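Peer 1: Here is the input, now give the coordinates:
(2 chains)
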Amino acid sequence: MQLRERLRDYALPTLTFVLMLGLWEGIVVVFNMPRFVLPAPTAVWASFLRWQSAIWGHALQTLYTTLVGFGIAVAVGLLLGWLVGYSAVLYKALYPLLVAFNSVPKVAIVPVLVIWFGIGTVPAVLTAFLISFFPIVVNVATGLATLEPELRDVLRSLGAGRFQVFYKVGLPRTMPYFFASMKVAVTLAFVGSVIAETVASNRGVGYLMIAASSRFDVPLVFAGLLVIGAMGVVLYVGFAFLEGRLTSWAYRK
Amino acid sequence: MSNERAVASAQRSSESIAVAFDNVNLVYRAKDSSTAALEDINMSVGKGEFVVVAGPSGCGKTTLLKLIAGLISPTEGEVRLVGQRVRGPSKVVGMAFQNPTLLPWRTMLQNVLLPLEIVEPHRSQFRRERAAYMRKANELLESVHLTGFANAHPWQLSGGMQQRASLCRALIHEPEILLLDEPFGALDAFTREELWLVLQDLWLERTCTVMLVTHDLREAVFLGDTVYVMSKRPGTLTERSEVPFSRPRTLEGCFEPEFLEMFRRIREQIGEVRERTS
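Peer 2: Numbers count the residues shown, from 1 in each chain, chains lettered A, B, ... in the order given. Okay, here's the model as predicted:
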């Protein structure tokens, strides 16, 4: 049983990944795709090995801006989410603004950020933050706003004030919502960083891909994509693990 | 009838009265309509008394308890707890609800400890007295036969077990008045009867006043010293019966002719109330 579950959890995703690579390789070979249109996985891998040291540096830069931006998004998202979920007045006041803000394509904001902060790390961090804080706010606010009135009455009948109700019930109750949103937000943060790097940076995987595509080095572009994908998966798994440990009660395990 | 009652309640000295309602009216106001939820409620509950309010669903029984708990305030009239006018939630009250409403992220023990983290003076000495409080919570869990489940999470246990823990939570801060809002309403018949006995034992062990609200008339007669019948919309207390049976009562006692007679009478009263309002 244990072994079977392990097999399902690890072998299945690996299998689909390998199958996808095989299909990709097959298509390239069968249709004889030119390298600058669609490079084969083997070519991408070769390119990755060749540029390995350069890719590492850029990847670390992207990881750094993503995590810093994501960290700010978590702090701001939790705070705003709690505020908006806690107070109906603030909800009414802030929600339309937040939705409007989230509807703005973040690519459009990057040039403005460049005017304010110059090119490089700061716009990437800020874009990562801007793109990833919204799901956190919405989820945390929902978690608080859907608090069962019965649970609130339990605490109120003991004479608990609003803050105590929040601290004892609201806060723990939002945790599953918070972790669910973190998994979405961390992958979005990558999107933000890479967008900013492609537009305005001379470091990072985004920059690497733009530079490579301008030289028609498509295998390197794909290598960059794969690196981002891999980093995204690793962080997602990390947060899924944390979620399982910290909010196991919500999954009743 | 209401005169007699007024005299009876006046005869009791004010110190021996745990809960008193004085001409209480409650009107729920919505945007363009208002519903009279409770009308002209007069009642006094002696200290240590076990009072049951029985009535059809939607008659305002829960509202009655919420008034005592200070969760809502009356439109007119006054509710007093041990001589003090109710102005908000008070620590002399412990309340258990129809659903166990345990916090799923806490273990049973932590759930039972919750009131001590909120109610003074326990709150400020919680850290210092933690060991003593945990012992007390464990003893309570033991008294309702939940030994060994202290570290389980509520959702791992059955509804009856959760409801027992909910009773413990309502009692841990030693309230003078225990309010029970149909606490056994969602349980199956066997578990319900089992919990009647548990509740009776808990009550006999301490000196608290209990006010139980229910639509189960056997439950009302089995548990109550005094049973009030409540009518629907607006909610008023129409009848009051004293239940003379000695304690501790047993489940076998439910089949005695006196018990059945009492049960039949209260059932008739409720029937009349229902006919009048439908």
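Peer 1: low-scoring stretches of the stretch 1-150 of chain B, by residue?
Peer 2: In the predicted model of the stretch 1-150 of chain B, residues B:1-15 satisfy pLDDT under 70.
Peer 1: Those residues of it touching chain A, which are they?
Peer 2: B:69-71, B:88-91, B:93, B:95, B:97, B:99, B:101, B:103-105, B:114-115, B:117-119 (CB under 8 Å from any CB of the partner chain). Placement of C-beta: from N, CA and C, glycine included.
Peer 1: Okay, buried residues for the helix or strand hosting residue B:191 please.
Peer 2: According to DSSP states H and E, residue B:191 maps onto helix B:189-205. Neighbour counts over helix B:189-205 (16 or more other CB atoms under 10 Å in any protein chain shown) mark B:191, B:192, B:193, B:194, B:195, B:196, B:198, B:199, B:200, B:202, B:203 as buried.
Peer 1: swap in stretch B:108-121?
Peer 2: Across stretch B:108-121, burial judged by 16+ other CB under 10 Å covers B:108, B:109, B:110, B:111, B:112, B:113, B:114, B:115, B:116, B:117, B:118, B:119.
Peer 1: any chance of those in a markdown table, with distance to residue B:218 and secondary structure too?
Peer 2: Below are those laid out as a markdown table (distance: CB to CB, whole Å; DSSP: H, G, I helix; E, B strand; the rest coil):
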| residue | distance to residue B:218 | secondary structure |
| --- | --- | --- |
| B:108 | 29 | helix |
| B:109 | 33 | helix |
| B:110 | 34 | helix |
| B:111 | 29 | helix |
| B:112 | 29 | helix |
| B:113 | 34 | helix |
| B:114 | 32 | helix |
| B:115 | 30 | helix |
| B:116 | 34 | helix |
| B:117 | 37 | helix |
| B:118 | 35 | coil |
| B:119 | 34 | coil |
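Peer 1: which one among these gets closest to residue A:189?
Peer 2: residue B:110 (34.8 Å; CB to CB).
Peer 1: Residue B:117 versus the closest one, what's the distance?
Peer 2: 9 Å (CB to CB, to the nearest Å).
Peer 1: And the helices in chain A?
Peer 2: For chain A, the helices defined by DSSP state H cover A:2-6, A:12-30, A:41-50, A:52-86, A:88-103, A:110-117, A:121-145, A:149-156, A:162-165, A:171-199, A:205-214, A:218-246, A:248-251.
Peer 1: would JSON lines of the ones you listed with mean pLDDT be doable?
Peer 2: Supplementary listing: these in JSON lines, determined by pLDDT from 0 to 100:
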{"stretch": "helix A:2-6", "mean pLDDT": "75"}
{"stretch": "helix A:12-30", "mean pLDDT": "92"}
{"stretch": "helix A:41-50", "mean pLDDT": "92"}
{"stretch": "helix A:52-86", "mean pLDDT": "92"}
{"stretch": "helix A:88-103", "mean pLDDT": "87"}
{"stretch": "helix A:110-117", "mean pLDDT": "90"}
{"stretch": "helix A:121-145", "mean pLDDT": "91"}
{"stretch": "helix A:149-156", "mean pLDDT": "86"}
{"stretch": "helix A:162-165", "mean pLDDT": "86"}
{"stretch": "helix A:171-199", "mean pLDDT": "90"}
{"stretch": "helix A:205-214", "mean pLDDT": "91"}
{"stretch": "helix A:218-246", "mean pLDDT": "90"}
{"stretch": "helix A:248-251", "mean pLDDT": "81"}
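Peer 1: got JSON lines for the ones you listed, with mean neighbour count too?
Peer 2: Shown next, in JSON lines, are those (neighbours: other CB atoms under 10 Å in any protein chain shown):
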{"stretch": "helix A:2-6", "mean neighbour count": "8"}
{"stretch": "helix A:12-30", "mean neighbour count": "12"}
{"stretch": "helix A:41-50", "mean neighbour count": "16"}
{"stretch": "helix A:52-86", "mean neighbour count": "20"}
{"stretch": "helix A:88-103", "mean neighbour count": "12"}
{"stretch": "helix A:110-117", "mean neighbour count": "15"}
{"stretch": "helix A:121-145", "mean neighbour count": "24"}
{"stretch": "helix A:149-156", "mean neighbour count": "19"}
{"stretch": "helix A:162-165", "mean neighbour count": "15"}
{"stretch": "helix A:171-199", "mean neighbour count": "23"}
{"stretch": "helix A:205-214", "mean neighbour count": "21"}
{"stretch": "helix A:218-246", "mean neighbour count": "17"}
{"stretch": "helix A:248-251", "mean neighbour count": "15"}
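Peer 1: Turn those into JSON lines, including distance to chain B.
Peer 2: Listed next are the helices of chain A as JSON lines, based on distance: least, CB to the nearest CB, whole Å:
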{"stretch": "helix A:2-6", "distance to chain B": "21"}
{"stretch": "helix A:12-30", "distance to chain B": "29"}
{"stretch": "helix A:41-50", "distance to chain B": "44"}
{"stretch": "helix A:52-86", "distance to chain B": "17"}
{"stretch": "helix A:88-103", "distance to chain B": "17"}
{"stretch": "helix A:110-117", "distance to chain B": "40"}
{"stretch": "helix A:121-145", "distance to chain B": "12"}
{"stretch": "helix A:149-156", "distance to chain B": "5"}
{"stretch": "helix A:162-165", "distance to chain B": "6"}
{"stretch": "helix A:171-199", "distance to chain B": "5"}
{"stretch": "helix A:205-214", "distance to chain B": "39"}
{"stretch": "helix A:218-246", "distance to chain B": "10"}
{"stretch": "helix A:248-251", "distance to chain B": "4"}
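Peer 1: how about TSV for these, with distance to residue B:230 added?
Peer 2: Below are the helices of chain A laid out as TSV (distance: least, CB to CB, whole Å):
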stretch	distance to residue B:230
helix A:2-6	55
helix A:12-30	60
helix A:41-50	75
helix A:52-86	37
helix A:88-103	34
helix A:110-117	66
helix A:121-145	34
helix A:149-156	21
helix A:162-165	30
helix A:171-199	34
helix A:205-214	70
helix A:218-246	46
helix A:248-251	38
